[in-house]
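K.L.:
got a structure for you, letters missing:
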């Protein structure tokens, strides 16, 4: 398996320099033509390479889009960090940013709290949409048919508190649409509470969510409503949402 991966990368690295046919490519990477032909066929199926009009091969659009996605994620992470840092300074707990990946939430960035007891850094983790407040905030913007398809699946529980009943999840989504945020209490991880609000892109579509999480014994220690307001304000700032476009229904 490792050898196949090494060979595939060698092929793609060579094609990144210039297009080539199978024979030329085999000479470049010092592999048998039959091996190169199999690798190229697989890479072509995955969109990593593409055939040119003269029969040679070049880097495919799939690989270009994958690289572009990585660049976009890195740009988003860099852009959101100052907002998360400000939120941490105000709330006193860890703050993070996540984006949707199919039916999962991908935690893209996190800024730690100044507290003596730290919580885990969830950067890079992917979890089902219904598990935490970020995913639920994203789901609240979905068309009804998409929600139906998601809830028709077998829903995983992470703790004893995880809500998996479709009726209750639908109620939560309605509440998020009305209030603009979502709290969960020890549903993602035992001993951790969290709150999130959605972030919009330039087309006013949900592109992710900002959340704050902390140990249940101290978070939220006092005013949960005030903390939620801070999270929503930060999400609005990162979204650059106009002041007259409130996330909450009146």
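P.N.:
That came in fine, so what should we check first? Every value quoted in this text rests on a predicted model; they were computed, and no experiment measured them.
K.L.:
beta partners of the residue nearest to residue 239 when sequence neighbours are not counted?
P.N.:
The shortest distance from residue 239 to any non-neighbouring residue, by CB to CB, 6 or more residues apart in numbering, is to residue 200 (4.1 Å). Any C-beta I mention is one placed from the backbone N, CA and C, and that applies to glycine too. Beta-bridge partners recorded for residue 200 (DSSP bridges): residue 206.
K.L.:
Quick check: what element follows the worst-scoring helix or strand of the chain on mean pLDDT along the chain?
P.N.:
Least confident helix or strand, the chain: helix 61-91 with a mean of 73, by mean pLDDT, DSSP states H and E. Of the helices and strands lying after helix 61-91 in sequence (DSSP states H and E), the nearest is strand 94-101.
K.L.:
Next, please give the residue ranges for the strands of the chain.
P.N.:
Ranges of strands within the chain are 49-51, 57-59, 94-101, 104-111, 126-128, 182-185, 192-200, 206-215, based on DSSP state E.
K.L.:
would you turn those strands into a markdown table with mean pLDDT?
P.N.:
Conversion of the strands of the chain to a markdown table gives the following (pLDDT from 0 to 100):
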| stretch | mean pLDDT |
| --- | --- |
| strand 49-51 | 82 |
| strand 57-59 | 82 |
| strand 94-101 | 91 |
| strand 104-111 | 88 |
| strand 126-128 | 89 |
| strand 182-185 | 96 |
| strand 192-200 | 95 |
| strand 206-215 | 93 |
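K.L.:
I'd like those as JSON lines, with mean neighbour count and distance to residue 5 appended.
P.N.:
What follows is the strands of the chain, written out as JSON lines (neighbours: other CB atoms under 10 Å; distance: least, CB to CB, whole Å):
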{"stretch": "strand 49-51", "mean neighbour count": "19", "distance to residue 5": "15"}
{"stretch": "strand 57-59", "mean neighbour count": "18", "distance to residue 5": "17"}
{"stretch": "strand 94-101", "mean neighbour count": "24", "distance to residue 5": "22"}
{"stretch": "strand 104-111", "mean neighbour count": "22", "distance to residue 5": "23"}
{"stretch": "strand 126-128", "mean neighbour count": "16", "distance to residue 5": "22"}
{"stretch": "strand 182-185", "mean neighbour count": "22", "distance to residue 5": "38"}
{"stretch": "strand 192-200", "mean neighbour count": "26", "distance to residue 5": "35"}
{"stretch": "strand 206-215", "mean neighbour count": "25", "distance to residue 5": "31"}
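K.L.:
hmm, back to that, can you tell me how far the residue nearest to residue 239 is from residue 223?
P.N.:
Distance, residue 200 to residue 223, by CB to CB, to the nearest Å: 26 Å.
K.L.:
Kindly report the same for residue 132.
P.N.:
21 Å.
K.L.:
Looking at these two, which has the bigger crowd around it?
P.N.:
Neighbour totals were compared for residue 132 and residue 223, and residue 132 leads with 28 against 10 (other CB atoms under 10 Å).
K.L.:
how deep is the closest residue to that one other than its chain neighbours tucked in, by neighbour count?
P.N.:
Of all residues beyond its chain neighbours, the one nearest residue 132 is residue 188 (4.4 Å), with distances taken as CB to CB, 6+ apart. By other CB under 10 Å, the residues close to residue 188 number 23.
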